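1. Here's my sequence, what's the structure:
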Amino acid sequence: MLSSRQKLILKAIIDVYSETAEPVGSKALMALPYLNYSSATLRYDMAILEELGYLEKMHTSSGRIPSEMGYRYYVEHLVTRDSNITKVFPLIDEVFNKKNLGREHTIKEALKLLTDLTNYTAVAVGPDILQSEIKRIEMIPLGLKDAVMLIVTNRGHVQHQHIHISEDMNMNDIKEVIHTLDDLLKNKTLETAIKILKEEYAVSELNQFMSYQSQIIDSFIEAFSKFAADSFYLSGITNVFDQPEFTNVNHMKKFIDMMERREIIKLIGKDEGISIRFGSDMELTALNQMTVISIPYQITSEEKGSIALVGPSRMSYQKVIPLLEYIAANLAKLYKDNKE
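-> Coordinates of the predicted model:
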């Protein structure tokens, strides 16, 4: 059980370290007006905090830095919301109030603003599209050798995929393939549909169209991939490289690869409230000394999205949390307004 003074000292060390990225010593703490204690008292409590596992001592300095345990305690018990951050809320309002922007453009603009304000990497994840059910698949001819395949889900999402009819293909046969796939995949989730198309079951159902099935199945899988892509937004992927925690080139490459393959989605909380995950929670080398902080937003009674920031563990939580909360609230309203 930490004393009130020890909590205050721990909070001060984390706040200072988040700004400087330098180990914090008693001299730096004495300069803070709200820590009116002697150097000896501060050093004593810092030693206790280190012994308890909340701080770590750097070998090259007499100062200390927060441990992961210290950060956990801070975000669970000590972090406060910086009221000054409300000064940037009008900038966020300006993005969401642009009536001429579509939803996708607005989300990208909001994430770009978030990365500019924090210098971290921002991610937004829309509803889990792959859990939507296919209600209708149809083909619309555009000419003798071109057509568009439409896939409509129970949640109103629509995806279209262009199909070029090669010389060895017949338009009527293609229509039959699409009709067969409509019967095969109707009322299946997109996730299940992908599995079916990759299995022998789909091949046996389409064996009468052997010369077409490979091209059509590839077109379907590409269309399903677009469904997933439409709900993932990323901004500022290289921002974190400005942080002193990122000095290893191999580490940087792994981070970029992880983000491009969207492994970050697995680390974003889907439950109510703020989710904060530290390095040991994630077991990924690319996120060593990093934190993923995310906040969900409600789209419908059944659908949720999330917005997240990826940055160093010493990120300014008191500024980041209210920013994420405000943008999440606006994202929820954005989806609602787009359905009205």
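2. Give me the phi and psi for the residue nearest the centre of the chain.
-> The centroid of the chain falls nearest to residue 123 when counting by C-alpha atoms, centre = their mean (3.5 Å). The phi/psi pair for residue 123 (degrees, to the nearest 10) reads phi -140, psi 140.
3. which residues sit in contact with it?
-> By C-beta atoms under 8 Å, 6 or more residues apart in numbering, the residues touching residue 123 are 111, 232, 233, 234, 235, 264, 268, 294, 307, 308, 309, 310. Every residue, glycine included, has its C-beta placed from N, CA and C.
4. Bridge partners for the fifth one, pull those for me.
-> On DSSP bridges, the residues paired with residue 235 through beta bridges are residue 122.
5. Tell me who's in contact with it.
-> With contacts defined as C-beta under 8 Å, 6+ apart, the neighbours of residue 235 are 108, 111, 112, 114, 115, 121, 122, 123.
6. now, the most widely separated pair of these?
-> 108 and 121 (14.0 Å; C-beta to C-beta).
7. who's more crowded, those two?
-> Applying other C-beta atoms under 10 Å to residue 108 and residue 121 shows that residue 121 carries more neighbours, namely 25 against 17.
8. residues in contact with the nearest residue to residue 193 once chain neighbours are set aside?
-> Spatial nearest neighbour of residue 193, excluding adjacent residues (C-beta to C-beta, 6 or more residues apart in numbering): residue 185 at 4.6 Å. Applying C-beta under 8 Å, 6+ apart to residue 185 gives the contacts 134, 137, 193, 196, 197.
9. Sitting in strands, which of these do you find?
-> In this view, those that belong to strands under DSSP state E are 134, 137.
10. can I get the contacts of residue 185 in a markdown table with distance to residue 172 and pLDDT?
-> Formatted as a markdown table, the contacts of residue 185 follow (distance: C-beta to C-beta, whole Å; pLDDT from 0 to 100):
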| residue | distance to residue 172 | pLDDT |
| --- | --- | --- |
| 134 | 23 | 88 |
| 137 | 17 | 88 |
| 193 | 24 | 81 |
| 196 | 24 | 78 |
| 197 | 22 | 73 |
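11. Return the member of the contacts of residue 185 nearest to residue 174.
-> Closest to residue 174, out of all of the contacts of residue 185 and judged by C-beta to C-beta, is residue 137, at 12.4 Å.
12. For beta bridges, what are the partners of that closest one?
-> When assigned by DSSP bridges, residue 137 has beta-bridge partners residue 151.
13. So in this structure, which helix runs the longest?
-> helix 317-339 (DSSP state H).
14. how much space between the residue nearest to the centre of the chain and residue 315?
-> For residue 123, the distance to residue 315 equals 14 Å [C-beta to C-beta, to the nearest Å].
15. cool, and residue 24?
-> According to C-beta to C-beta, residue 24 stands 16 Å off from residue 315.
16. same question, residue 45
-> 24 Å.
17. per-residue confidence for residue 339?
-> What the model reports for residue 339 is a pLDDT of 54.
18. Kindly format the C-alpha coordinates of stretch 64-76 as PDB.
-> Below are the C-alpha coordinates for stretch 64-76, written out as PDB (Å, rounded to 0.1, in the frame of the first residue of the first chain):
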ATOM      1  CA  ARG A  64      14.900   6.500 -12.000                       C
ATOM      2  CA  ILE A  65      12.300   5.700 -14.600                       C
ATOM      3  CA  PRO A  66       8.900   4.100 -14.200                       C
ATOM      4  CA  SER A  67       8.600   0.300 -14.600                       C
ATOM      5  CA  GLU A  68       5.700  -1.300 -16.300                       C
ATOM      6  CA  MET A  69       4.200  -2.000 -12.900                       C
ATOM      7  CA  GLY A  70       4.500   1.700 -12.100                       C
ATOM      8  CA  TYR A  71       2.700   2.600 -15.300                       C
ATOM      9  CA  ARG A  72      -0.100   0.200 -14.600                       C
ATOM     10  CA  TYR A  73      -0.600   1.600 -11.100                       C
ATOM     11  CA  TYR A  74      -0.500   5.100 -12.600                       C
ATOM     12  CA  VAL A  75      -3.200   4.500 -15.200                       C
ATOM     13  CA  GLU A  76      -5.400   2.600 -12.800                       C
END
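19. Now do the domain split for the protein, please.
-> Structurally, the chain divides into domains by automatic domain parsing as follows: 4-78, 83-128+232-339, 130-229.
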